[in-house]
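*Asks:* Structure for this input, please:
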Amino acid sequence: MSRKRDYEEQDDRLTRKYVEDALFKDKNKEEFRVIEEVFDRLTLKGMLKLFNKGTIETLHGVVKAGKEARVYYATDKEGKELAIKIYYTHTAEFRKGMMQYIQGDPRFKRIRSNTRSMIYTWNQKEFNNLQLCQEAGINSPRPIAFIRNILVMTFIGEDGVPAPLLREQDPEDPQAFYDTVLDEMQRLWQQAGLAHGDLSEYNIMIQDETPVIFDVSQAMLTIHPMAQMLIERDIQNINYFFKRLGAETRDTEELKEWITGGTEDLY
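*Replies:* Next up is the predicted model:
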């Protein structure tokens with residue numbers, strides 16, 4: 001048992017050193033060692049696989065750190081900008097809230113209850129939801145790859161600077177922006193078959209005065225029993241925010257009917 005532990009520790013050191021040299025290149029290695037304590041052995045090995053496949057060329061640093069995950073700015077071999085979302089694998093509290101958004105989803109019938117397996121499933125769910133968004137033409141990050149607790153997406157922003165969140169910057173025309181968000185919500189439901197479930201000013205970016213919807217890990221299929229409740233919550237959140245900006249908001253029930261296909265014309 002001790003020999004196995006010694007081998008794993010040596011393997012961890014070699015893997016970490018390789019990740020430092022390969023992905024961070026000339027960046028501050030000491031900063032990497034301090035910040036990246038959240039990278040366990042399997043996460044590091046996942047990063048190496050993405051590097052060896054050519055998915056990632058250089059990891060430049062953290063652009064967002066939250067309770068559930070960190071998002072890194074990266075580039076591929078062609079210099080294209082990427083966002084690398086890495087879920088923590090030790091967050092037990094996060095796991096408790098996951099199950100309600102996974103249970104009942106026909107895409108994930110066999111789910112192990114341990115934290116790591118739950119997070120891997122959660123990551124796959126977000127990747128699959130982003131695929132549905134892409135196929136439906138939703139303005140959202142484009143999924144590129146996922147492995148274990150690592151998700152690779154297109155970067156929303158420019159030169160390593162993320163596009164501002166809606167909560168950080170008011171749109172020039174709140175009414176037009178609000179109407180566009182409603183169009184995206186309808187497309188999300190009717191064409192992607194999803195209810196976002198956590199839509200607010202915190203997970204909508206502004207890029208060229210256009211909304212970009214992200215953070216779709218908790219989004220549920222519209223066939224799920226929770227979907228009706230989730231779309232109502234999304235509508236209430238969006239109406240509340242834009243009403244404060246002075247936009248003329250729509251009635252919640254009317255919006256729900258229009259978004260879910262009960263009526264053809266809202267305006």
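*Asks:* tally of neighbours for residue 157?
*Replies:* Per other CB atoms under 10 Å, the neighbour tally for residue 157 reads 17. In short, each C-beta sits where N, CA and C put it, glycine included.
*Asks:* next one: residue 78
*Replies:* Counted by other CB under 10 Å, the residues lying close to residue 78 total 7.
*Asks:* go on, the one 3 residues further on?
*Replies:* The tally of other residues near residue 81 (other CB under 10 Å) stands at 17.
*Asks:* quick one: it from residue 142, how far?
*Replies:* 12 Å (CB to CB, to the nearest Å).
*Asks:* and what of residue 246?
*Replies:* From residue 246 to residue 142 the distance is 33 Å (CB to CB).
*Asks:* next one: residue 156
*Replies:* Taken as CB to CB, the span from residue 156 to residue 142 is 10 Å.
*Asks:* who has more neighbours, these two?
*Replies:* When residue 156 and residue 142 are compared for neighbours, residue 156 comes out ahead with 18 against 13, by other CB under 10 Å.
*Asks:* Just give the nearest non-adjacent residue to the more buried one, would you?
*Replies:* Using CB to CB, 6 or more residues apart in numbering and skipping the chain neighbours, the partner closest in space to residue 156 is residue 163 (4.9 Å).
*Asks:* got a list of what that neighbour touches?
*Replies:* 156-157, 205-207, 212 (CB atoms under 8 Å, 6 or more residues apart in numbering).
*Asks:* can you give me the strands in the stretch 151-267 of the chain?
*Replies:* Ranges of strands in the stretch 151-267 of the chain, per DSSP state E, counting those that start in this stretch, are 157-158, 161-162, 194-195, 204-207, 210-213, 220-221.
*Asks:* Mind checking those for the one nearest to residue 108?
*Replies:* Ranking the strands of the stretch 151-267 of the chain by their distance to residue 108 (criterion: CB to CB) puts strand 220-221 first, at 10.7 Å.
*Asks:* neighbouring contacts of the closest one?
*Replies:* Here strand 220-221 has contacts from 101, 105-107, 193-195, 197, 226-227, 230, using CB under 8 Å, 6+ apart.
*Asks:* 10 Å instead?
*Replies:* Outside strand 220-221, the residues that touch it by CB atoms under 10 Å, 6 or more residues apart in numbering are 100-102, 104-107, 125, 128-129, 132, 192-197, 226-231.
*Asks:* ok, that strand: who's next to it in the sheet?
*Replies:* According to DSSP bridges, strand 220-221 forms sheet pairs with strand 194-195 (antiparallel).
*Asks:* Which pLDDT value does the model give residue 266?
*Replies:* Note on residue 266: pLDDT of 62.
*Asks:* swap in residue 44?
*Replies:* 85.
*Asks:* what about it, how many neighbours?
*Replies:* If you count neighbours by other CB under 10 Å, residue 44 ends up with 19.
*Asks:* list the buried ones in the one helix or strand it maps to?
*Replies:* If you go by DSSP states H and E, residue 44 is part of helix 41-52. For helix 41-52, burial by neighbour count (16 or more other CB atoms under 10 Å) applies to 42-48, 50-51.
*Asks:* going on from it, what's the next piece of helix or strand?
*Replies:* Next along the chain after helix 41-52, taking DSSP H and E as the criterion, comes strand 58-65.
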